[in-house]
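In: below are the sequence and a predicted model; questions follow.
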Amino acid sequence: MRISCVRTYRLACPLGEPFGFSQWRYASRHALLVRVSADGGAEGWGECYGPAAVNQAAIMSFYAPRILGLDALQTDVVWHHMWRASLDFARRGVMMAAISGLDMALWDLKGKALGVPVSELMGGRHRDRVPCYATGMYYKDRPETQLLPELVQEAAGCRERGFRALKIKLGKNLAFDADLIRAVRKALLDATLMADANHAYDVPEATVIGKLLAHEGFAWFEEPLSPEHPQLYRQLHDAVSVPLATGECEQTRFGFQSLLSAGGVDVAQPDLAYCGGPSEALKIRAIASSLGVNVVPHAWGTMLNLAAAAHFLASDYRQPGRAEPAPGMLELDQTENPLRDEIFRTPLKFENAACIVPTGPGLGVEVDLIAMKNFCEKEEEGAA
Ligand code: MG
């Protein structure tokens with residue numbers, strides 16, 4: 001079953017209202033979808049995280065010509081073929097995101113060709129449902145006195161919709177952050193709460209905020225520090241008792257080996273559309289497992305990446321293991337995204353804030369070509 005065609009679709013959509021986090025703000029959504037076809041008609045879909053136009057160029061000009069004609073079912077062989085071809089200049093970064101999207105499409109294709117869901121290809125399902133947590137509470141262009149109660153109200157709305165766990169944004173400024181942490185906890189006494197700073201703090205700042213998060217019973221403190229300094233994570237870990245999470249900016253088994261072996265990370269968060277794809281995420285999970293760390297994927301984008309993360313979590317054996325384990329949670333972004341909500345004729349299904357892991361072949365979500373093309377800025381094709 002040879003790879004016969006690679007197509008990419010660069011999607012864009014303006015947002016009704018821009019939203020921001022500690023680093024910058026979004027006024028539009030973008031995505032790069034990847035469609036790989038093989039001889040005989042089997043095909044699969046994937047998605048790349050990061051700048052869609054750059055991912056598209058990396059796939060169409062570099063990787064696609066190199067994988068046309070390879071056996072589509074040999075996912076690990078194809079992965080290493082791409083990796084070796086670009087290792088000298090692409091060990092990390094956007095080209096690894098391009099590999100990720102192609103790899104995800106090949107896992108979808110393999111599942112469809114063999115008639116099994118991706119979670120079975122990943123080793124089997126420990127669970128048929130994966131609990132979700134709500135990601136949201138992004139900043140809007142408002143005075144802080146107005147923004148804070150709005151964010152608390154948004155968090156309460158997530159709880160009312162059935163989410164038992166949700167994640168707020170931090171890293172605006174220390175005074176606002178502290179007020180927000182206290183206000184959300186006061187409004188949601190029974191919720192599992194997490195907080196994400198998107199690497200906005202230095203160690204002294206993160207220590208102050210981390211102690212407050214521990215006091216307020218938060219479940220994890222995400223990206224308190226720059227991903228460039230794993231040794232500082234260890235320093236922070238020694239100073240605060242709240243669990244530390246990071247990894248959405250990291251890639252490959254080699255990157256996670258460096259990040260996790262410093263000993264300061266409790267939850268590893270590779271993104272399957274960026275870390276190297278499902279093939280590499282499984283290797284990252286093995287590295288994390290060997291160090292006693294659990295993996296909860298970062299998920300941001302369309303239903304393709306969400307489905308990949310859901311299959312990954314369904315097949316995840318939680319360390320250290322017990323009869324009644326608390327499974328990893330699927331990150332469910334609550335902000336406006338037509339590229340997630342309007343382009344799938346078969347989307348993921350949710351019930352009581354849990355994702356029902358698809359049982360159909362492949363990823364189990366299907367793109368609606370006509371709806372998708374309404375958002376398509378540029379389609380490209382490379383064929384053998
Ligand atoms: Mg994050």
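Out: Right, received. Where do you want to start? Residues are numbered from 1 along each chain as shown.
In: rest of the way, CA atoms for contacts and neighbours
Out: Will do.
In: mind jotting down where the strands sit in the stretch 201-350 of the chain?
Out: Secondary structure of the stretch 201-350 of the chain by DSSP state E, counting those that start in this stretch: the strands cover 220-222, 244-246, 267-268, 294-295, 330-333, 344-346, 349-351.
In: and the last one, average pLDDT?
Out: pLDDT averaged over strand 349-351 equals 98, rounded to a whole number.
In: that strand pairs with which strands?
Out: Take DSSP bridges as the rule and strand 349-351 pairs in its sheet with strand 354-356 (antiparallel).
In: now the fifth one
Out: The strands that strand 330-333 pairs with in its sheet are strand 129-135 (parallel) (by DSSP bridges).
In: run the angle between the helix or strand following the partner strand and strand 129-135 for me.
Out: Going down the chain from strand 129-135, the next helix or strand is helix 144-160, by DSSP states H and E. Between helix 144-160 and strand 129-135, the angle comes out at 170 degrees (axes from the mean of the first three to the mean of the last three C-alpha atoms, to 10 degrees).
In: now for helix 144-160, which elements pack on it?
Out: Where contact means 3 or more C-alpha pairs under 8 Å, 6 or more residues apart in numbering; DSSP states H and E, helix 144-160 is packed against strand 165-169, helix 174-187.
In: the shortest one to strand 129-135, inter-axis angle?
Out: Looking back up the chat, that one is strand 165-169. 30 degrees.
In: average pLDDT across strand 165-169?
Out: When pLDDT is averaged along strand 165-169, the result is 98.
In: go through the protein and flag its longest strand.
Out: Across the chain, the longest stretch assigned as strand under DSSP state E is strand 3-20.
In: next one: whatever helix or strand comes next after that one to chain centre, how far?
Out: Using DSSP H and E, the helix or strand that follows strand 3-20 in sequence is strand 25-38. From the chain centre to the centre of strand 25-38 is a distance of 14 Å (C-alpha atoms, centre = their mean, to the nearest Å).
In: CA atoms of strand 25-38 as PDB?
Out: Extracted C-alpha coordinates of strand 25-38, given in PDB (Å, rounded to 0.1, in the frame of the first residue of the first chain):
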ATOM      1  CA  ARG A  25      -3.600  37.800  21.400                       C
ATOM      2  CA  TYR A  26      -5.500  36.000  18.700                       C
ATOM      3  CA  ALA A  27      -7.800  37.700  16.200                       C
ATOM      4  CA  SER A  28      -8.200  34.700  13.900                       C
ATOM      5  CA  ARG A  29      -7.900  30.900  13.900                       C
ATOM      6  CA  HIS A  30      -5.600  29.000  11.500                       C
ATOM      7  CA  ALA A  31      -5.000  25.300  10.900                       C
ATOM      8  CA  LEU A  32      -3.100  23.100   8.400                       C
ATOM      9  CA  LEU A  33      -4.900  19.900   7.600                       C
ATOM     10  CA  VAL A  34      -3.000  17.000   5.900                       C
ATOM     11  CA  ARG A  35      -4.600  14.300   3.800                       C
ATOM     12  CA  VAL A  36      -2.500  11.300   2.700                       C
ATOM     13  CA  SER A  37      -3.800   8.800   0.200                       C
ATOM     14  CA  ALA A  38      -2.500   5.400  -0.700                       C
END
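In: so what does it touch, helix or strand wise?
Out: Checked by 3+ C-alpha pairs under 8 Å, 6+ apart, strand 25-38 has strand 3-20, strand 43-48, helix 52-57, helix 94-114, helix 338-341 packed alongside it.
In: backbone phi and psi for Ala42, please?
Out: In terms of degrees, to the nearest 10, the main-chain angles of Ala42 are phi -60, psi 140.
In: and it, what does it touch?
Out: 109, 112-113 (C-alpha atoms under 8 Å, 6 or more residues apart in numbering).
In: and the residue nearest the centre of the chain, what does it touch?
Out: The residue lying closest to the centre of the chain (C-alpha atoms, centre = their mean) is Ala299, at 2.2 Å. Going by C-alpha under 8 Å, 6+ apart, Ala299 touches 271-272, 305-306, 309, 330-333.
In: burial measure for the nearest residue to Glu366 once chain neighbours are set aside, as a count.
Out: Nearest residue to Glu366 in three dimensions, chain neighbours excluded: Thr346, at 4.8 Å (C-alpha to C-alpha, 6 or more residues apart in numbering). The tally of other residues near Thr346 (other C-alpha atoms under 10 Å) stands at 12.
In: quick one, what contacts Thr346?
Out: 364-368.
In: these in helices, which ones?
Out: Among the contacts of Thr346, no member falls in helices (DSSP state H).
In: for PyMOL, write the selection for the buried entries among those residues.
Out: Only the buried entries of those go into this PyMOL selection, using 16 or more other C-alpha atoms under 10 Å:
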select buried, resi 364+365+366+367
